[in-house]
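A.B. asks: kindly generate the corresponding structure for this input.
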Amino acid sequence: KGKRKRSKVPSKVNKFPYVWPLATLSVIILLAVLFREKNDNFSDVFLGEDYEYQSEPEMLSKYPRIYFLPDVLSDLECDALIGQAEKATRFQSTAGAKKNKWRTSITASLRKDDKGGTPVINRLVKRIAKAANVSESIVRGGNPLQVTQYEPGGRYLPHTDSRQLHMLDEVAVTKRYEVLNNYPVHGGYPYTARHMTVLCYLNDSYEEGATVFPLANKDGSYKQQPSEKDLRGMQNEKHQVNIDNWENLLPPMCADKDRFEGISIKPIKGSCALFYNHLEDDEGGPGALDGLALHAGCDVKNGSKWITNVWIEMLPKSKRKNSNREL
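C.D. replies: The predicted structure is shown next:
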């Protein structure tokens with residue numbers, strides 16, 4: 001008689017076919033998380049799918065030019081930027097009544113150049129370039145972006161983000177950011193002008209904290225530019241009288257959006273405000289400072305406010321003649 005065939009006994013591995021794949025995946029995830037803690041550049045894996053910015057900017061004002069940009073950043077991308085700021089070498093604090101009553105916040109600088117930008121910053125640069133209709137190289141140029149935290153009671157009284165052209169530095173110098181391992185920036189602001197500001201809201205889990213433009217007209221009508229002297233007086237933080245005036249004037253502007261004649265932007269996580277700090281010259285570059293772009297950050301209540309500022313820096317016409325850089 002022929003030998004009886006012995007039936008095969010399934011091995012333990014065959015009984016649990018998903019054990020090894022799941023174990024391998026768990027190890028990969030654990031290593032990725034540990035690696036991410038040491039290297040924020042790896043965080044692209046955790047940001048979700050990248051996308052090209054397609055939304056149409058909404059014009060909020062013609063004088064000055066202010067636009068609202070919805071859905072520039074996803075929730076994951078906003079959280080990643082906050083996380084990178086919290087892990088920065090150190091915050092630069094402007095808090096403290098004796099030190100600065102004009103602005104109370106904590107700020108971190110992050111690189112946005114093509115060699116030092118993290119994946120989330122690279123995404124933001126690309127989308128800002130699309131929304132502002134400028135090249136990515138212009139957005140990457142100049143000084144680093146800032147991520148700022150306003151704790152309860154934090155604010156920024158009215159100010160402009162740039163300077164009158166005649167007040168810009170005459171000579172380009174190299175500034176080294178110690179907090180970024182002596183990262184050098186040559187010929188940034190205030191040699192260049194901050195032609196545009198893109199202010200993005202990284203969270204909205206707090207009360208108030210709107211961005212207001214006291215001199216803008218929400219009805220779109222033309223408004224006379226303030227004189228240079230008047231504008232300088234409005235934002236001179238060295239004089240207590242100006243602080244006292246704004247402490248009386250600003251709260252009603254922040255509290256009652258409907259009665260406020262200027263522009264008020266409510267923070268929405270992932271959205272940005274884009275506004276021009278200068279009038280445009282005949283080549284599309286920065287002309288005279290637009291005093292109507294004076295703006296403020298209202299007091300924050302019941303939470304912390306996180307924003308990021310990206311300044312689009314360009315050379316004024318007088319300096320472009322002898323420069324080979326793009327605007």
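
A.B. asks: which parts of the stretch 1-150 of the chain are strands?
C.D. replies: For the stretch 1-150 of the chain, the strands defined by DSSP state E, counting those that start in this stretch occupy 58-61, 66-69, 92-93, 103-104, 106-110, 145-150.

A.B. asks: okay, strands next: where are they in the stretch 201-327 of the chain?
C.D. replies: 207-208, 211-213, 263-265, 272-276, 278-280, 286-289, 295-297, 300-301, 305-314.

A.B. asks: elements contacting the last one?
C.D. replies: In terms of contacts (3 or more CB pairs under 8 Å, 6 or more residues apart in numbering; DSSP states H and E), strand 305-314 is packed against helix 75-86, helix 119-132, helix 136-140, strand 145-150, strand 193-201. Placement of C-beta: from N, CA and C, glycine included.

A.B. asks: how far away from the center of its chain is the last one?
C.D. replies: In other words, strand 193-201. Averaging C-alpha positions (CA atoms, centre = their mean, to the nearest Å) puts strand 193-201 7 Å from its chain's average.

A.B. asks: still on that earlier bit, out of the strands of the stretch 201-327 of the chain, nearest to residue 248?
C.D. replies: Comparing those against residue 248 with CB to CB, the closest turns out to be strand 295-297 (13.3 Å).

A.B. asks: the closest one - what's its average pLDDT?
C.D. replies: In this model, strand 295-297 has a mean pLDDT of 97.

A.B. asks: that strand pairs with which strands, and in what direction?
C.D. replies: strand 155-159 (antiparallel), strand 211-213 (antiparallel) (DSSP bridges).

A.B. asks: can you redo the ones you listed as CSV with distance to residue 201?
C.D. replies: Converted to CSV, those look like this (distance: least, CB to CB, whole Å):
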stretch, distance to residue 201
strand 155-159, 14
strand 211-213, 9
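
A.B. asks: just put these in TSV and tack on distance to residue 76 and mean pLDDT.
C.D. replies: Shown next, in TSV, are the strands paired with strand 295-297 (distance: least, CB to CB, whole Å; pLDDT from 0 to 100):
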stretch	distance to residue 76	mean pLDDT
strand 155-159	27	95
strand 211-213	24	97
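
A.B. asks: return the set of buried residues in stretch 159-179.
C.D. replies: 160, 161, 162, 163, 165, 168, 177 (16 or more other CB atoms under 10 Å).

A.B. asks: quick one: the residue nearest to the fifth one when sequence neighbours are not counted and residue 175, what's the gap?
C.D. replies: Right, residue 165. Nearest residue to residue 165 in three dimensions, chain neighbours excluded: residue 316, at 5.1 Å (CB to CB, 6 or more residues apart in numbering). Distance from residue 316 to residue 175, counting by CB to CB, to the nearest Å: 19 Å.

A.B. asks: before we move on, the earlier item: ranking the helices and strands packed on strand 305-314 by burial, who's on top?
C.D. replies: When you average the neighbours per residue for each of those (mean count of other CB atoms under 10 Å), strand 193-201 leads with a mean of 25.

A.B. asks: residue 120 touches residue 75, doesn't it?
C.D. replies: No - the pair residue 120 / residue 75 is not scored as a contact, 11.9 Å apart, by CB atoms under 8 Å.

A.B. asks: mind listing what residue 158 touches?
C.D. replies: 214, 234, 235, 246, 250, 294, 295, 296 (CB atoms under 8 Å, 6 or more residues apart in numbering).

A.B. asks: could you redo the last one with a cut-off of 7 Å?
C.D. replies: Contact analysis of residue 158 by CB atoms under 7 Å, 6 or more residues apart in numbering lists 214, 234, 235, 246, 294, 295, 296.

A.B. asks: mind checking how far the last one is from residue 52?
C.D. replies: If I follow you right, that is residue 296. Here residue 296 is placed at a distance of 33 Å from residue 52 (CB to CB).
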